[in-house]
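[1] structure for the following, please:
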Amino acid sequence: MTDAEFWAVERELWTGGPAAFRRWVAPECLMVFPDPAGLLTGAAAAEAIGSLPRWERVDFESRVLARFGTEAAVLAYRAEAVRPGGERWRVLCSSTHVRLAGTWWLAQHQQTAL
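    The predicted structure follows:
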């Protein structure tokens, strides 16, 4: 995947629905969110997040993408997201994507509230 494609996937995971999670999130994915969500695995995260209103807009700042060979990439960034109705969310994030059997998956995502 190109750098631009990784960032497009990241945006899709913020703004897309359950289909985006099924497409990109590994079943074994580990996600770390501020309370009350806490620690979630891929399947539980997809279920929990799929039931919430999606973000209508997300802005990424201070973006960094590090590649580890041809099979892994880590994205780190500051995000500000807005839901319909004006709810705002400001966090520092990291996401690890791995390629398994030729398919890219989100293996890890972490958010630290600002």
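[2] what's the first helix or strand after the one helix or strand in the chain whose mean pLDDT sits lowest?
    Every helix and strand of the chain was ranked by mean pLDDT, DSSP states H and E. The lowest is helix 42-50, at a mean of 75. On the C-terminal side of helix 42-50, the closest following helix or strand by DSSP states H and E is strand 57-68.
[3] that following strand: how far from the chain's middle?
    In terms of Cα atoms, centre = their mean, to the nearest Å, the centre of strand 57-68 is found 11 Å from the chain centre.
[4] circling back to that earlier point, got the contact list for the least confident helix or strand of the chain?
    For helix 42-50, the surrounding residues in contact (Cβ atoms under 8 Å, 6 or more residues apart in numbering) are 17-18, 21-22, 25-31, 37, 40, 106. To be clear about C-beta, it is placed using only N, CA and C from the backbone, and glycine gets the same treatment.
[5] of those residues, closest to residue 89?
    Of all the contacts of helix 42-50, residue 89 sits closest to residue 37, with 11.6 Å by Cβ to Cβ.
[6] work out for me the element the closest one sits within.
    Residue 37 belongs to no helix or strand, assigned by DSSP H and E.
[7] spit out the contact partners of it.
    Counted by Cβ under 8 Å, 6+ apart, residue 37 has contacts residue 48.
[8] could you point out the longest helix of this protein?
    Using DSSP state H, we find that the single longest helix of the chain is helix 3-15.
[9] right, I'll call it a day here.
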